[in-house]
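Asks: what would the 3D arrangement of this be:
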Amino acid sequence: MSEGDVRREIDARLKALSSQQEERLARRRARELHLPYIGLMAFPMDATALALVSQKEAREVGAVLFYKKGHDIRMGTINPEQDRFVELRRKVTEALVVEPQVYVISRSEEHTSELQSH
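Replies: This is a model prediction of the structure:
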């Protein structure tokens, strides 16, 4: 195995460990806030739902509107107590006339929506 291969392998393992740590922290935060946690990596994204919040705003707030079917609307956020998220949730509620269910997600999953929306 070349030195470059070894470095890539180490980088991949460190990234996996970091993602796992983020997941554990997000799960703990969800428990503390009495909110559900959802892992978006395996959850199919709804392109229509993703389009309801601009990618720029979603990135700035650390949130994603990932599911909408009738009156079942779901948002994930890394920080449900953040004022900017509370305001975004209010705007979504007003626009759709339904209050979305809120899920805690990890920071690494916040970017999942960007990848799946392209």
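
Asks: centre of the chain to stretch 75-82, how far?
Replies: 8 Å (C-alpha atoms, centre = their mean, to the nearest Å).

Asks: separation between residue 59 and residue 42?
Replies: 21 Å (C-beta to C-beta, to the nearest Å). Glycine gets a C-beta too; all of them are placed from N, C-alpha and C.

Asks: tell me which residues in the longest helix anywhere in the chain are buried?
Replies: When the chain is parsed with DSSP state H, its longest helix is helix 3-33. For helix 3-33, burial by neighbour count (16 or more other C-beta atoms under 10 Å) applies to 22-23, 26, 29-30.

Asks: using JSON lines, lay out these together with distance to residue 81 and pLDDT.
Replies: Shown next, in JSON lines, are those (distance: C-beta to C-beta, whole Å; pLDDT from 0 to 100):
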{"residue": "22", "distance to residue 81": "18", "pLDDT": "86"}
{"residue": "23", "distance to residue 81": "19", "pLDDT": "88"}
{"residue": "26", "distance to residue 81": "14", "pLDDT": "91"}
{"residue": "29", "distance to residue 81": "10", "pLDDT": "92"}
{"residue": "30", "distance to residue 81": "12", "pLDDT": "93"}
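
Asks: count of residues packed around the nearest residue to residue 27 once chain neighbours are set aside?
Replies: Counting by C-beta to C-beta, 6 or more residues apart in numbering, residue 27 lies nearest to residue 37, which is 4.9 Å off, once chain neighbours are set aside. Residues near residue 37, counting by other C-beta atoms under 10 Å, number 18.

Asks: ok, residue 73 next?
Replies: Neighbour count of residue 73, defined by other C-beta under 10 Å: 20.

Asks: what's opposite it in the beta bridge?
Replies: Residue 73 forms beta bridges with residue 68, as assigned by DSSP bridges.

Asks: mind starting the numbering at 57 from now?
Replies: With 57 as the first residue, the last one maps to residue 129.

Asks: give me the pLDDT value at it.
Replies: In this model, residue 129 is scored at 94, pLDDT.

Asks: which residues does it contact?
Replies: By C-beta atoms under 8 Å, 6 or more residues apart in numbering, the contact set of residue 129 is 105, 121, 123, 148, 152, 154-157.
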